[in-house]
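**Student:** coords below, sequence missing:
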């Protein structure tokens, strides 16, 4: 596993590197001492796993995750146990309390290795799609969301609302910015305000003005505007021969 150690304390970074060397199975590709430095190193090095301190200069570890388009696997490391609930609210792989115990580190590494084996391999330059996760924060709530779980993305001014698993957080990115990063095989721009996940389509029905009404799993309905008909032929026709996707099995 390729790992990045992120901690503002040099001694803490050195100790964690020593423990990872002793545990085996981990290649530490770099270190970072601040949020800005960590964001740059993640972009440069593309680690599969990050060991992330929470309290750091320039913002906390949660702020770092919010800046990333796609987040690596995260194991939090901190001296403060009151962050534990927030860490698991964002579905971090594990939470290690300092001073880190070798047995707990070994358990966290086993969990990370299992997760990475199950995740489909995807080169870092590819668009956001299956097997990748993004960090989402809306107020005090936080999520690590698997991209394939997102059924709908809606524009709200300079913000975008994500629909997944009964949640609808508003994120500080425009629909266009998100659309540019999404895998076009999985996501489709249905109209000016909405992007749908093709894997979540339950049915497509004719709609006035030569449009379509797309029903997503769970009952969400999206109007596909007339000028999308040509794109529909290329994208939706692949889902079933007559161009109308079969209902998704529940």
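**Tutor:** Structure received. All of these numbers come straight from a predicted model, not from anything done at the bench. Residues are numbered from 1 along each chain as shown.
**Student:** thinking residue 5 is in contact with residue 28, fair?
**Tutor:** Yes. Counting by Cβ atoms under 8 Å, residue 5 touches residue 28, with 6.0 Å between them. Where C-beta positions appear, they are placed from N, C-alpha and C, glycine not excepted.
**Student:** Which neighbours do those two have in common?
**Tutor:** With contacts taken as Cβ atoms under 8 Å, 6 or more residues apart in numbering, residue 5 and residue 28 have 17, 20 as neighbours in common.
**Student:** Give me the secondary structure label for the spatially most central residue of the chain.
**Tutor:** By Cα atoms, centre = their mean, the chain has its centre lying nearest to residue 134, at 1.6 Å. Put simply, residue 134 is strand when judged by DSSP: H, G, I helix; E, B strand; the rest coil.
**Student:** of residue 5 and residue 28, who's got more company?
**Tutor:** residue 5 (27 against 18; other Cβ atoms under 10 Å).
**Student:** Look up which residues are beta-bridged to that one.
**Tutor:** Beta bridges link residue 5 to residue 31, residue 51, judged by DSSP bridges.
**Student:** tell me the contacts of it?
**Tutor:** Residue 5 makes contacts with 13, 16, 17, 20, 28, 30, 31, 32, 50, 51, as judged by Cβ under 8 Å, 6+ apart.
**Student:** and if we set it to 10 Å?
**Tutor:** By Cβ atoms under 10 Å, 6 or more residues apart in numbering, the contact set of residue 5 is 12-17, 20, 26, 28-33, 38, 41, 47, 49-53, 77.
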